[in-house]
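>>> Quick check, what structure comes out for this input:
(one chain, ligands or ions: 2)
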Amino acid sequence: MMKSIIRQLAIHNRILLASHTRPDGDAIGALLSMGLALEKKGCQITLYNESSIPAVYRFLPSVHRIREQLPAAAEFDAAVILDCGNLERVGAASAVISRIPVIINIDHHTTNDHFGHYNLVDESACATSEIIFRLVRAMEVEIDPMMATAIYTGILTDTGSFRFPNTNRAAFSICEAMVAAGVQPFVVAQHVYGTSSMGRIRLLNLALDSIEVSHDGHLSIMTVTQDMLKDTGTRPEDTDGLINYARWIQDVEVAVLIRELKNKATKPEHSHFHVSLRSNGDVDVARIAVSFGGGGHAGAAGFSIESELSALKAVIYHFSDHFVEKP
Ligand code: 5GP
Ligand code: MN
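Ligands and ions are numbered 1, 2, ... in the order given. I've put the predicted structure just below:
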């Protein structure tokens with residue numbers, strides 16, 4: 001598959017690259033590194049993400065080239081979709097993108113539905129950035145410090161700094177190679193983890209206060225409402241990483257973060273929510289997310305739902321009684 005993708009990318013010139021909405025470090029790192037590699041091969045590239053780039057990732061080289069507006073489908077010969085389990089993960093632009101003649105899907109989610117004409121999906125990869133590293137090497141593009149920083153940041157953040165269950169040997173060997181190629185680990189860490197706005201600290205305070213734990217202690221739920229964001233002057237991206245506090249609690253097997261979204265709900269007592277799920281080991285949270293129309297990995301998954309908050313919590317408490325352990 002890698003060979004046919006390299007061939008497709010060699011015969012097409014105008015390439016759109018896109019990754020999922022509310023991008024994390026891997027969605028941004030894979031987008032930038034793949035884009036820069038194709039540019040080195042002489043392609044005309046457009047980098048697209050529907051959401052604004054979180055402040056902690058704005059230090060990445062070429063990040064200013066990521067556009068929030070998508071040109072017409074006719075302007076592209078091929079699209080490379082990164083870190084998306086399904087095409088809808090790119091957001092509202094998915095309908096336009098689906099009209100681009102060649103769609104290449106590069107991802108590492110277990111729930112990937114192989115939406116592309118070409119699919120490079122490797123569930124064993126710690127990050128999409130790991131797959132990009134292998135692809136770029138196979139394309140015989142030299143990895144410069146800019147690309148190396150993007151790949152390193154993707155792997156560092158998607159493995160939770162080499163702590164999550166997806167942390168594999170490649171995570172270390174590739175990051176070592178990226179440091180050899182010019183990455184400064186301390187500089188990346190300072191940007192990604194080293195600083196926080198005062199508002200984000202106040203949001204952390206409210207989010208910690210919202211934590212509830214199920215009667216058996218195996219499930220924790222943290223809630224972030226639009227009011228909390230307003231009161232602390234924070235943005236949705238400031239919730240990134242908060243769920244780790246909920247999963248930190250002793251005996252918790254699954255941690256849940258319920259985020260209220262801004263979208264207008266169909267009923268006044270309802271809101272739109274995004275639900276993030278994290279497993280501390282044995283429970284496969286991707287299965288739970290899929291049953292709600294979402295997806296992800298066994299250890300980290302999510303879905304979106306319209307509901308009343310109390311009803312949503314009741315449903316979540318209910319599934320803690322039926323945790324299905326990973327085979
Ligand atoms: P997060 O909870 O950080 O938003 O996402 C955790 C993991 O689940 C990520 O790998 C993300 O791509 C995936 N994920 C989160 N929400 C959704 C969703 O609504 N649909 C799908 N297919 N995957 C999701
Ligand atoms: Mn990823």
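>>> only C-alpha atoms for contact and neighbour calcs from this point on.
Will do.
>>> so Leu135 touches Lys3, yeah?
No. With contacts counted by CA atoms under 8 Å, Leu135 stays clear of Lys3, the gap being 9.1 Å.
>>> quick one, what contacts Ile143?
Contacts for Ile143 (CA atoms under 8 Å, 6 or more residues apart in numbering) come out as Ala37, Val136, Arg137, Ala181.
>>> which SS class is it?
At Ile143 the chain is in coil, as set by DSSP: H, G, I helix; E, B strand; the rest coil.
>>> Now do the phi/psi pair for it.
phi -80, psi 110 (degrees, to the nearest 10).
>>> where does it sit relative to ligand 1, distance-wise?
Between Ile143 and ligand 1 the distance is 25 Å, computed by CA to the nearest ligand atom, to the nearest Å.
>>> same question, Leu257
The spacing between Leu257 and ligand 1, counted by CA to the nearest ligand atom, is 8 Å.
>>> What is the burial count for that residue?
26 (other CA atoms under 10 Å).
>>> Give the helix, strand or coil label for it.
For Leu257, the assignment made with three-state DSSP gives strand.
>>> how much space between Lys3 and ligand 2?
Distance, Lys3 to ligand 2, by CA to the ion, to the nearest Å: 22 Å.
>>> which residues does Thr99 contact?
You called it Thr, but residue 99 is Arg. Arg99 neighbours (CA under 8 Å, 6+ apart): Ala73.
>>> How many residues are close by the closest residue to ligand 1 within the stretch 1-150 of the chain?
Among the residues of the stretch 1-150 of the chain, Gly85 lies nearest to ligand 1; the distance is 5.1 Å by CA to the nearest ligand atom. Gly85 has 26 neighbours, counted by other CA under 10 Å.
>>> and it, backbone torsions?
Residue torsions, per degrees, to the nearest 10, at Gly85 are phi -70, psi -30.
>>> So Val283 sits against Glu253, correct?
Yes. Val283 lies in contact with Glu253 (CA under 8 Å); the separation is 7.1 Å.
>>> re earlier: which one of Leu135 and Lys3 has more residues nearby?
Neighbours were counted for Leu135 and for Lys3 using other CA under 10 Å; Leu135 has more, 20 against 11.
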